[in-house]
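[1] Following is a predicted model, sequence given first.
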Amino acid sequence: MEQYKYETLLLFSPELNVENRKEIQDTLTGIIVRDGGQILEVDEWGMRDLAYPVKKATRGFYTRLEYSLAPEFVAELERNIRIADGIFKFLTVKLADSDQE
């Protein structure tokens, strides 16, 4: 099964505490590993001001996940992100292979 590199940027509610964010993050990384993927990097950008209010919040906590995963499992991961309480927005992009650069 061929895997590709992906990056998902998550915007968490500023009202979530560290434990709740960590729990959601662990759930998502667990789904990636369960589906045969590999976590390459977890980068917490921290609390930042938003360009416009999202669900009446003007700040949010950003986390970036970089991972490799088979394409057929990305939709399942995104479904779990959508139903997770405390995630305002997310964006998943497929990264270019470094061999092709």
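    Everything's here; your move.
[2] How about the contacts made by residue 55?
    The contact partners of residue 55, by Cβ atoms under 8 Å, 6 or more residues apart in numbering, come to 13, 88. Backbone N, C-alpha and C define where each C-beta goes, glycine included.
[3] Poorly predicted segments of this protein, please.
    98-101 (pLDDT under 70).
[4] Helices along that one, start to end?
    18-34, 74-83 (DSSP state H).
[5] Give the buried residues for the shortest one.
    If I follow you right, that is helix 74-83. Of the residues in helix 74-83, 74, 77, 81 count as buried by neighbour count, 16 or more other Cβ atoms under 10 Å.
[6] Check the longest one too.
    Within helix 18-34, the residues that qualify as buried by neighbour count (16+ other Cβ under 10 Å) are 21, 24, 25, 28, 29, 31, 32.
[7] Can you name every helix or strand that that helix contacts?
    For helix 18-34, the packing partners by 3 or more Cβ pairs under 8 Å, 6 or more residues apart in numbering; DSSP states H and E come out as strand 4-12, strand 38-54, strand 57-69, helix 74-83.
[8] Which one, of the ones you listed, ends up nearest to residue 89?
    With Cβ to Cβ, the closest approach to residue 89 among these belongs to strand 4-12: 4.4 Å.
[9] Against which helices or strands is the closest one packed?
    The contact analysis (3+ Cβ pairs under 8 Å, 6+ apart) places strand 4-12 against helix 18-34, strand 57-69, helix 74-83, strand 87-94.
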